[in-house]
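Q: Let's see this in three dimensions:
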Amino acid sequence: MAIEIRLPGLGESIAEGTVTAWLKQPGDFVARDEAFVTISTDKVETDLPSLEEGHLLVHAAAVGDVVQIGDVIAWFGAEGETVDPSLLVKKRAVDKARAPAAKPSKRAATPRRSQPSSSPRDPVARNRAFRAGGDAKLFVSPVVRRLARQHDVDLSALQGTGRGGRVSRRDIEAFIADGGAGSGFAEPPGGYQPGQRMPLGGFANRIVAPFEPATAARYAPQVHDGDEVVPLSGLGRAMAEHMAYTWWRSPHVSTIVEIDLARLAAWRSEHKASFLEAHGAKPSYTACIGWVVAQALTEHRDFNSSLTHDGQRIRHAAVNLGVAVAKGDGGLLVPVLADAGSSTLPAFAQSLTAMVDKTRSGAIKPADLQGGTFTITNVGSNGNLASMPLINQPQVAILATGAITKRVVVVTADDGSDEIAIRPRMFMTLTYDHRAVDGARSGRFLKAIRAGLEEWEPGDVSG
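A: You can find the predicted model right below:
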């Protein structure tokens with residue numbers, strides 16, 4: 001008997017995914033825990049393992065289809081078995097019913113005030129209509145709108161429990177009680193007046209891109225004959241939105257320091273083989289640098305923090321270090337090493353190796369990408385000397401490491417005189433949110449990292 005294969009939950013706050021590739025075709029046998037489809041969300045692209053065993057009978061979704069959590073994406077069964085046509089008809093009917101919400105007409109996308117086409121079950125799309133068309137468009141009661149303004153709540157963060165997914169007063173009061181205030185729209189100066197139109201982005205003027213839709217249309221690129229138009233993946237769209245938001249939200253300032261890695265390089269040359277044998281992981285430059293940064297963050301906690309929309313700093317107790325990892329297809333993910341500040345170098349290297357392997361093999365999970373408090377990105381892996389990266393919101397800083405190259409420099413000899421030497425050197429860039437930290441604190445933080453690397457002493461790593 002054919003069994004339905006549904007899209008399982010993929011992590012907190014993930015409601016849908018896009019089918020990007022079928023790894024198994026109709027007729028293929030799929031073992032339990034064997035990957036059979038690739039799903040892309042706004043957080044991660046992952047190869048989905050099967051919870052069932054059997055032959056794949058039918059793909060219920062095509063490549064490029066957006067499917068909701070819990071939707072049927074395939075049928076499994078015995079070899080040669082067929083699927084009841086009524087099941088396929090039912091599935092097509094559901095798809096057809098959803099089509100208008102997934103693909104709004106061009107007329108609905110015009111700036112003219114028309115009713116939003118999004119379903120009440122989709123709070124994110126509903127809130128986008130709220131931003132674009134004014135508060136009268138939001139599918140909530142006046143009481144909920146007033147509470148949202150008073151407590152600066154982004155209503156796209158709420159999943160309503162009312163009829164049709166509507167956000168009720170009880171929903172927003174519970175959200176505020178759980179610390180959700182300061183997440184979205186601020187009350188206007190002088191208080192809200194009945195009939196006042198909510199401007200794009202709310203009165204706090206916090207939006208992904210700080211311009212009206214008409215401005216965006218004015219500078220839209222032209223498409224010529226022969227041009228290839230390739231839609232961004234769900235992960236790509238999320239990254240583009242996040243980067244536009246962080247550039248607009250935070251006043252970025254960058255400081256660059258040059259670091260002498262002679263002592264670290266000599267230690268790695270001597271201990272690399274024994275370290276790998278004892279701990280099963282290489283003491284890579286990324287591991288050594290990341291470990292030093294994590295130790296420095298335990299002392300310089302302003303950099304291991306976040307800012308809320310209402311101007312409060314959250315100094316995080318644990319250093320959850322995000323390390324940017326390039327995927328084989330060119331994408332970039334930032335897995336998080338939890339509580340890295342308390343790790344020994346061997347434990348840190350083991351965790352980093354495991355996370356990098358999971359990311360590059362497509363086995364990374366949404367939970368592995370959440371909770372970061374500081375991020376490191378290695379732009380030197382492709383030979384780049386330095387970079388000024390964008391902050392990974394809601395963090396307040398990010399560190400970029402450049403290529404390690406041998407350079408001729410002036411050093412101080414043992415007798416105190418100057419001499420010329422060839423040393424492995426690296427540029428390191430700290431980009432930070434100037435609202436949260438200043439140049440003096442960034443200088444002290446970089447000084448601590450530089451001392452940890454130039455005076456390298458990892459302690460006992462024998463086993």
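Q: so where's the stretch 101-250 of the chain uncertain?
A: 101-140, 152, 154-159, 163-165, 178-216 (pLDDT under 70).
Q: longest single strand anywhere in this structure?
A: strand 418-433 (DSSP state E).
Q: in that strand, what counts as buried?
A: Of all the residues in strand 418-433, those buried under the rule 16 or more other CB atoms under 10 Å are 424-433. For the C-beta atoms, the positions are set from N, CA and C on the backbone; glycine is no exception.
Q: Just give me how far that strand sits from the chain centre.
A: Averaging C-alpha positions (CA atoms, centre = their mean, to the nearest Å) puts strand 418-433 29 Å from its chain's average.
Q: Please name every helix or strand in contact with that strand.
A: Packing contacts for strand 418-433, counted by 3 or more CB pairs under 8 Å, 6 or more residues apart in numbering; DSSP states H and E, involve strand 252-260, helix 262-279, strand 397-401, strand 405-412, helix 439-454.
Q: May I see the ones you listed organised as CSV, with distance to L337, mean neighbour count and mean pLDDT added?
A: Formatted as CSV, those follow (distance: least, CB to CB, whole Å; neighbours: other CB atoms under 10 Å; pLDDT from 0 to 100):
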stretch, distance to L337, mean neighbour count, mean pLDDT
strand 252-260, 21, 16, 95
helix 262-279, 15, 15, 94
strand 397-401, 14, 25, 96
strand 405-412, 27, 11, 93
helix 439-454, 17, 16, 96
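Q: which non-adjacent residue is nearest G17?
A: Nearest residue to G17 in three dimensions, chain neighbours excluded: I39, at 4.1 Å (CB to CB, 6 or more residues apart in numbering).
Q: roughly how far apart are that neighbour and G64?
A: As defined by CB to CB, to the nearest Å, I39 lies at a distance of 12 Å from G64.
Q: Find residues that contact each of these two.
A: 18-20 (CB atoms under 8 Å, 6 or more residues apart in numbering).
Q: I only care about those that end up buried; give me the PyMOL line for that.
A: Buried residues within the shared contacts of I39 and G64, by 16+ other CB under 10 Å, are selected in PyMOL with:
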select buried, resi 18+19+20
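Q: from the shared contacts of I39 and G64, which is closest to T246?
A: T18 (23.6 Å; CB to CB).
Q: Angles on the backbone of the closest one, please.
A: When read as degrees, to the nearest 10, the backbone of T18 gives phi -110, psi 130.
Q: Quickly list what it is bridged to.
A: S40, V66 (DSSP bridges).
Q: What residues does it make contact with?
A: 39-41, 64-67, 233-234.
Q: Can you add neighbour count and give these back as JSON lines?
A: JSON lines is the format used below for the contacts of T18 (neighbours: other CB atoms under 10 Å):
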{"residue": "I39", "neighbour count": "23"}
{"residue": "S40", "neighbour count": "21"}
{"residue": "T41", "neighbour count": "21"}
{"residue": "G64", "neighbour count": "10"}
{"residue": "D65", "neighbour count": "16"}
{"residue": "V66", "neighbour count": "15"}
{"residue": "V67", "neighbour count": "19"}
{"residue": "S233", "neighbour count": "18"}
{"residue": "G234", "neighbour count": "21"}
